[in-house]
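Visitor: dropping the sequence and predicted coords here.
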Amino acid sequence: MNNEVLERLLIDRSAGELPPDVEELLEAHLLENPPARKEAVQIGETLRLARLALAGQPAVPLPVLQPAWHVPNWAWRMAACFVCGLSLGIFAMRGRNEPLCITASIPGHEMAAITTADESGIWSARRFRDGLSSVTVKAEDRIIWRSPVRKPEMF
């Protein structure tokens, strides 16, 4: 029997894991071989001391697992920046109750700039243009439309 097999059998015997027939064969081998008997005593003493050392020690604590809903710190920082920006935007827009003013001025004679071929119907561009030629538009006669929700102003 080689030393590796003997060591494994001695460790299994100290742990109480050997079947009875294998244990009897091991005892017979130890009675016939004094160096193997000396090694068996050393292995048995080592395992006894290891059990004593571990008996007084508390169990190794399990690692603390973080829950699945754990949010990293950078995500909290991003959410805080978003909330601050949103609140600043609302605060800045609070004082503005008037709509955005866009002023557009369209003279009446420029609306009839469409030229078409010979049309003579009631809705023709020529008839519209002829009607505008008799009207004189002054610079102060302008329609100013400041907002789509308010009525146009005449100036």
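Guide: Thanks, I have the structure now. From a predicted model like this one, the values you see are computed outputs, not experimental measurements.

Visitor: could I get the average pLDDT for stretch 6-14?
Guide: Across stretch 6-14, pLDDT averages out at 88.

Visitor: do stretch 19-32 as well
Guide: Averaging pLDDT along stretch 19-32 yields 91.

Visitor: dump that stretch to PDB, restricted to CA.
Guide: Listed next in PDB are the C-alpha coordinates belonging to stretch 19-32 (Å, rounded to 0.1, in the frame of the first residue of the first chain):
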ATOM      1  CA  PRO A  19     -16.900   0.600   5.900                       C
ATOM      2  CA  PRO A  20     -16.300  -2.100   8.500                       C
ATOM      3  CA  ASP A  21     -14.500  -4.500   6.200                       C
ATOM      4  CA  VAL A  22     -12.100  -1.900   4.900                       C
ATOM      5  CA  GLU A  23     -11.400  -0.800   8.500                       C
ATOM      6  CA  GLU A  24     -10.500  -4.400   9.500                       C
ATOM      7  CA  LEU A  25      -8.100  -4.600   6.500                       C
ATOM      8  CA  LEU A  26      -6.500  -1.200   7.500                       C
ATOM      9  CA  GLU A  27      -6.000  -2.500  11.200                       C
ATOM     10  CA  ALA A  28      -4.300  -5.600   9.900                       C
ATOM     11  CA  HIS A  29      -2.000  -3.500   7.800                       C
ATOM     12  CA  LEU A  30      -1.200  -1.200  10.700                       C
ATOM     13  CA  LEU A  31      -0.300  -4.200  13.000                       C
ATOM     14  CA  GLU A  32       2.200  -5.600  10.400                       C
END
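
Visitor: mind listing what's buried in it?
Guide: Buried residues in stretch 19-32, counted by 16 or more other Cβ atoms under 10 Å: 26, 30. No exception for glycine: its C-beta is placed from N, CA and C like everyone else's.

Visitor: what's the following helix or strand after the helix or strand of the chain with the lowest mean pLDDT?
Guide: Within the chain, confidence by mean pLDDT, DSSP states H and E is lowest for strand 105-106 among all helices and strands, at a mean of 54. Per DSSP states H and E, the first helix or strand lying C-terminal to strand 105-106 is helix 125-133.

Visitor: give me the mean pLDDT for the very next helix or strand once past that following helix.
Guide: Later in the chain than helix 125-133, the nearest helix or strand by DSSP H and E is strand 143-144. For strand 143-144, mean pLDDT rounds to 76.
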